[in-house]
Each structure stands twice: as structure tokens, then as C-alpha cells.
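Undergrad: 3D, please:
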Amino acid sequence: MNLLDRFINIDGNATYEVAKRDYKLKVPANFNFAYDVVDEYARLCPEKRALVWCNDENEEHFFSFKEISDDSKRTAQFFVKQGIKKGDRVMVFLRRRYEYWWIAVALHRIGAIVVPATTQLLADDIVYRNNAADIKMIVALDDKKIPKQIMEAMNKSPSVEKLVSVSGPREGWIDFHKELESCTPDFPRPEGEAATCNEDPMLMYFTSGTSGYPKMVLHNFLYPLGHIVTAKFWQNVTDDGLHLSVAETSWAKAGWGKLYGQWISGTAIFVYDMLGFTPDLFFRKISHYKVTTFCAPATVYRFLIRQDLSKYDLSNLRYCVTAGEALNAEVYNRFYEKTGLRIFEGFGQSETPVIAGNFPGIEPRPGSMGKAAPGIDLEVVDENGNHCPPHQVGHMVIHLEKGRPVGLLCGYYRNEDQTKKALGGPLYDTGDTAYYDEDGYIWFVGRSDDIIKSSGFRISPFEVESVLQEHPAVLESAVTGVPDEKRGQLVKATIVLNKGYTASEELELEIKTYVKQHLAVYKIPRMVEFVDELPKTSSGKIRRMEIRKKDSSK
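TA: Residues are numbered from 1 along each chain as shown. Now for the predicted structure:
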């Protein structure tokens, strides 16, 4: 069984057309995911599977909703004993450790704010986050790097009172599992001033910084309900299925695919706490644990299509989606040829749930982000706010005239000007550009600050990258603009080569000639740089900003 009927007014298997027309949320008063979803499953079907976890050391754990409920209550007791209360900010560096699910749900119980963070951060990054968010406690694993960076940051982080280790004893840190031994699964729902309200802050994401300095995106307690559309109507999860989203808990993609909408929809979550991405081992895990639905960035699919997929039993895998970066049509077609499964692209941000997608019931178009999500009044408009006709590039915006849709950020923490700019008018501008085709499908062009302006032309990096990706020598590419006095910007391609290819002037000319055969002359890369790897966030997004910054300093 699942709890969908409690929160939506239509059948979870409704067609896209019906969902887009009729979808409405039934929003409870003072909704809290911990009590109204996790504890309800624990009460109604305690043995229902919630989480399947494994790692590269052949450890595995299977958690029922009753176990998640009890463990999160014990964890809530632990936090309260350590002085954490409603509204406190707790930053967690847990990668994909199973304790994250206890800790996130426990902090929801208390009304404290979860601040996920990546273990790739350096000391200066941590100092910035500690002070910007007034972090009170840090919870971290021991990965031989992040504790050292945290300790280096402490002298400049006066708000941080306690450090907690989930990896056993560590000098100066509280041992989470040892302290948990004295806690009981007895944590009644708070009442009065301690109770949470729908508009209270619940979760804070630091944006991944692909296009600027990280912002503090704040979501309230209704945020999980916004992801019903993400999980049920885009990822197409099923009751008692097993869903895998490739993401660390540090990024919003984890909220999209590793917790909220999936559990509301009744599907279990599969977590593979891998130290590095190995395609063969990755597919063996999918086969062994019988994953049914799958979500990954396009980067992951690019690696997967180079595998001999006939070696794996993928008979349980029934639905695949992608988000995080635009999907190349070549990747879509090759994956379909190898598996018989289509990849349904979706689009959203740290600030939103899915806002556009190739939803079940509509024919996916490779490379298109699909159509507006149910419950989201999305439009592509010109500089004057007018609806764009087909093939005219414009800004992607969400209409706010009827109120802020559930799942959209409630603000940027401690930045009233930024919050007012984003939410104070009739439109929320996503900062992304796109266009419609004749049938209303939306096609991503790029971040507003990723668009290359050369000799008066506006060039989409994705369009050039899509062509580059079709060349057999190219494994990955990132297209950026390099400052140029004559043209404004030059088009540059930063390329990672496939095995068996060596960087050379001849190969560079061959690649440029290939692009010239498929795109207008002004879109051809004038500069090509071969590199061993592209700068990326830990969620797999290419950091074009880092490439631009490096080029501008030369």
C-alpha cells in the first residue's frame, strides 16, 4: 500500500493530460514527513521495505519503515540530548551512508534544519557555510579527508558547538553510534511552540555552484509533497518497487530521488554507497538487487552505453529517467538500442521539484526536457514577459500569480533582496533559457550565464556538445565562451577523449571538420583543449564556470 491518496486528488496512474489538467495537492495542516509518512507506514505496514543499502565492502542493510521510524526516533533523542532544537542548523557530510536517512528524518521530527554537504569541500568552503548558515552542529563520516578539513575550519567557525562522527571514536568528536545505544524509540510528536508548521524551514541546500557562488536555498516542511510529481509522475515509481537515483545526499538530487516522493509513493530506495563509479560493478548491483526504476545524470548514461549490457540481468528494470544536464540524442538512442528502455528526461533545480519532464503517457523526444509538470505553471517568455512562439529562445519562468507552488523554495536564507527578486513578483525566473517546438515540447538552451555571445550570435553550449558527443573520439565535452576583443567571445571545446585516441593537431582538425558538417559556421569551436577530466560537482554536473574562470585568468 502507499499513501498517495492522502495527498493528491487524482489516481497516481493518471495520464499526463489528466494530471496536467486536474492535479491538486491535498495539503494537511502542519504536515511533517517524519510523522505523517514514515510513522504512518510503520503503523500501517511495519514490515514494508523502505531502504536497501550496500557498499563496495560487501556490507548490506535492509530497513523496513518500522526500523526507519524507530531508528530516527532514537536519533532525534540523541540530537535533543546534544542541545539541538527547532530551527537549529545541522550540517551533514554523509555521502550515501545509511545513517543519513535516520538523521534527516530525526531532524524533521525536531524541526531542526538539515544542511546536506559534500565531502569534496575544503576548509575555506566549510568556513563559508558554517558562518553563512550559522551552523550549530556538524555530523560527518570518516573518509580520511573531510574530518581534517572540518577541524581546520573550526577556528573560524564560532557558531559550531559540537562535532559528531558516525564512523566510530574520534578525538574531539561525539561517537554517534555509542551515544545512540542509550536512546530509545520514544519521541512523541512535539506540540505547542515546539511543533512544526508548514511554512517552517526544514531543509537548506547550498547550490552546486555551476554558474556562481553557492546560494542558500531554503525549503519548508511542504517540500516533500512537491516531490510526489517528481517520483510518481516523472520517475514512474511503483508501490513496493525499488528506486535508484545516482546522487550523493549532499545535493538536491537526493531530495528528488532518495527520500521524499519515493517513500510517499510507497517505493523502497536503493542506495549504493560507492567510492567511485565503476560501470561493471554498478550494473551488477542493479541486477543483483532487482532495481525497478532508475535515475542518473546524462554523464552516467554516457559511460553505461559503452558497456556490454547483455552480461547483466536487467529484466526487473522497467523505467529510466535523467536530469541534471541536458541529454544528448545519441546517448538516448544507443541506450534504447542496448536495453529496449527509453530515457525520460526531466528538468528542475535545487530551488524546485521537477518542473518539466517527459512524463509517462507522452512520447519522449530525445534531447527535450518535455512539457510542464503537473502543478507547475511553467512558460517560456521573452524579455517583456510575452509567450515565446516556437523556436524563439526565451526565459523559463514559473507563474506565481496564484501563489507559490508546493516544492518551490520559500527563500534564500539571510538574503531578503535575493528572495524578493525571486519570489516578490508574478514570475519566478529559473535563470535558464529554452524554446518550444511546434508541439509544445521544451528544449533546453542553457543557463543564462552559460550562453555564448559571439559576433552577435547567441550559441547554446549544449547544441555544440551534442554534435561533439557523436564523434567517436569524444567521451565528454564542455563548450564555453572565451573572451575575444573582435568577436566578444570565442567558442571553446574542452574535450575528454575515449580510450584509443591521442590528442593531436590532426584530431583537433578532424573534430572541427565534423562539427562544421553539422552546425552553422559561427558555432564551430575556434579553440579545442584536450584534458584528462572535466571539472564536475559530486552530482555529476559539469562546472563550466570553473573552465571559464581558468581561461579568463590566462
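Undergrad: all helices for the stretch 401-550 of the chain, in order.
TA: In the stretch 401-550 of the chain, helices defined by DSSP state H, counting those that start in this stretch lie at 416-423, 461-470, 505-516, 544-552, listed in chain order.
Undergrad: same check, this time on the stretch 51-200 of the chain
TA: 65-81, 99-110, 123-133, 146-154, 176-180.
Undergrad: quick one: the third one to helix 146-154, angle?
TA: It stands for helix 123-133. Helix 123-133 and helix 146-154 are oriented at 60 degrees to each other (axes from the mean of the first three to the mean of the last three C-alpha atoms, to 10 degrees).
Undergrad: list the buried residues in helix 123-133.
TA: Across helix 123-133, burial judged by 16 or more other C-beta atoms under 10 Å covers 123, 125-130, 132-133. No exception for glycine: its C-beta is placed from N, CA and C like everyone else's.
Undergrad: next one: the last one
TA: Along helix 176-180, the positions that meet the burial threshold by neighbour count (16+ other C-beta under 10 Å) are 176, 179-180.
Undergrad: equivalent analysis for the first one, please.
TA: For helix 65-81, a neighbour-count test (16+ other C-beta under 10 Å) marks 65-80 as buried.
Undergrad: got the contact list for stretch 180-192?
TA: 32, 35, 69-71, 73-78, 81, 86, 109-111, 195-196 (C-beta atoms under 8 Å, 6 or more residues apart in numbering).
Undergrad: so which of the buried residues of helix 176-180 is the closest to residue 459?
TA: The nearest member of these to residue 459, counting by C-beta to C-beta, is residue 176 at 49.9 Å.
Undergrad: what about the closest one, distance to residue 339?
TA: Distance of residue 176 to residue 339, given as C-beta to C-beta, to the nearest Å: 40 Å.
Undergrad: can you check residue 66 too?
TA: 35 Å.
Undergrad: can you map out the strands along the stretch 1-150 of the chain?
TA: Here the stretch 1-150 of the chain has its strands, by DSSP state E, counting those that start in this stretch, at 49-55, 60-64, 89-93, 113-116, 137-140.
Undergrad: among these, which comes closest to residue 318?
TA: Residue 318 lies closest to strand 49-55 among the strands of the stretch 1-150 of the chain, at 16.8 Å (C-beta to C-beta).
Undergrad: what angle do strand 60-64 and the closest one make with each other?
TA: Orientation check (the same axes, to 10 degrees): strand 49-55 against strand 60-64 gives 170 degrees.
Undergrad: what mean pLDDT does strand 49-55 get?
TA: The pLDDT scores in strand 49-55 average 98.
Undergrad: can you check stretch 529-538 too?
TA: 86.
Undergrad: please apply the same query to stretch 419-437.
TA: For stretch 419-437, the mean per-residue pLDDT is 93.
Undergrad: please tell me how far residue 35 sits from residue 26.
TA: Taking C-beta to C-beta, one finds residue 35 at 17 Å from residue 26.
Undergrad: of these two, who's got more company?
TA: A direct count of neighbours by other C-beta atoms under 10 Å for residue 35 and residue 26 places residue 35 higher, at 19 against 10.
Undergrad: check what pLDDT the more buried one gets.
TA: pLDDT, read off for residue 35, is 98.
Undergrad: and the pLDDT for the closest residue to it other than its chain neighbours?
TA: Counting by C-beta to C-beta, 6 or more residues apart in numbering, residue 35 lies nearest to residue 189, which is 5.1 Å off, once chain neighbours are set aside. pLDDT recorded at residue 189 is 97.
Undergrad: what does the one 10 residues further on give?
TA: At residue 199, the pLDDT value in this model is 97.
Undergrad: report how many residues lie close to residue 23.
TA: So residue 23, with other C-beta under 10 Å, has 19 neighbours.
Undergrad: and for it, nearest residue in space, chain neighbours not counted?
TA: Closest residue to residue 23 apart from its sequence neighbours, by C-beta to C-beta, 6+ apart: residue 374 at 3.7 Å.
Undergrad: same thing with residue 159?
TA: residue 134 is the one closest to residue 159 (C-beta to C-beta, 6+ apart), at 4.8 Å.
Undergrad: ok, that neighbour to residue 163 distance?
TA: Per C-beta to C-beta, residue 134 is found 16 Å from residue 163.
Undergrad: what values do phi and psi take at residue 346?
TA: Note on residue 346: its backbone torsions stand at phi -140, psi 170 [degrees, to the nearest 10].
Undergrad: right, I mislabeled it, should have said residue 313
TA: Per-residue torsions, residue 313: phi -90, psi 100 (degrees, to the nearest 10).
Undergrad: wouldn't it be in contact with residue 287 here?
TA: Yes. Using C-beta atoms under 8 Å, residue 313 is in contact with residue 287, at 4.6 Å.
Undergrad: higher neighbour count, these two?
TA: Neighbour totals were compared for residue 313 and residue 287, and residue 287 leads with 16 against 12 (other C-beta under 10 Å).
Undergrad: residues touching that one, list them.
TA: 312-314.
Undergrad: look up how far residue 310 lies from it.
TA: From residue 287 to residue 310 the distance is 12 Å (C-beta to C-beta).
Undergrad: over to residue 464?
TA: 33 Å.
Undergrad: so where's the protein shaky on pLDDT?
TA: 208-213, 448-449, 455-458, 486, 537-540, 554 (pLDDT under 70).
Undergrad: grab the most central residue of it for me.
TA: The residue lying closest to the centre of the chain (C-alpha atoms, centre = their mean) is residue 253, at 1.8 Å.
Undergrad: what helix or strand is it on?
TA: According to DSSP states H and E, residue 253 maps onto helix 252-257.
Undergrad: closest one to residue 460 out of the buried residues of helix 65-81, please.
TA: So of these, ranked by how close each gets to residue 460 (C-beta to C-beta), first place is residue 68, at 43.0 Å.
Undergrad: make a markdown table from the helices of the stretch 51-200 of the chain and add distance to residue 508 to it.
TA: What follows is the helices of the stretch 51-200 of the chain, written out as a markdown table (distance: least, C-beta to C-beta, whole Å):
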| stretch | distance to residue 508 |
| --- | --- |
| helix 65-81 | 53 |
| helix 99-110 | 44 |
| helix 123-133 | 35 |
| helix 146-154 | 38 |
| helix 176-180 | 52 |
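Undergrad: follow-up on the earlier one: and the residue nearest to residue 23, how far is that from residue 361?
TA: Applying C-beta to C-beta to residue 374 and residue 361 gives a distance of 11 Å.
Undergrad: settle it for me: which of the two has more neighbours?
TA: Each of residue 374 and residue 361 has its neighbours counted (other C-beta under 10 Å); residue 374 has more, 26 against 15.
Undergrad: hang on, isn't that one packed against residue 24?
TA: No. Judged on C-beta under 8 Å, residue 374 makes no contact with residue 24 at a distance of 9.1 Å.
Undergrad: how many residues are close by the residue nearest to residue 35?
TA: Residue 189 has 14 nearby residues by other C-beta under 10 Å.
Undergrad: and what of residue 199?
TA: Residue 199: 11 neighbours (other C-beta under 10 Å).
Undergrad: ok, and the closest non-adjacent residue to it?
TA: Leaving aside its sequence neighbours, residue 199 sits nearest to residue 220 (C-beta to C-beta, 6+ apart; 5.2 Å).
Undergrad: quick one: the helices in the stretch 201-350 of the chain?
TA: Along the stretch 201-350 of the chain, the segments classed as helices by DSSP H, counting those that start in this stretch run 223-228, 252-257, 260-264, 279-289, 298-304, 329-339.
Undergrad: closest one to residue 147 among the ones you listed?
TA: helix 252-257 (21.4 Å).
Undergrad: show me what that closest one packs onto, helices and strands only.
TA: On a contact count with 3 or more C-beta pairs under 8 Å, 6 or more residues apart in numbering; DSSP states H and E, helix 252-257 meets strand 201-206, helix 223-228, strand 242-245.
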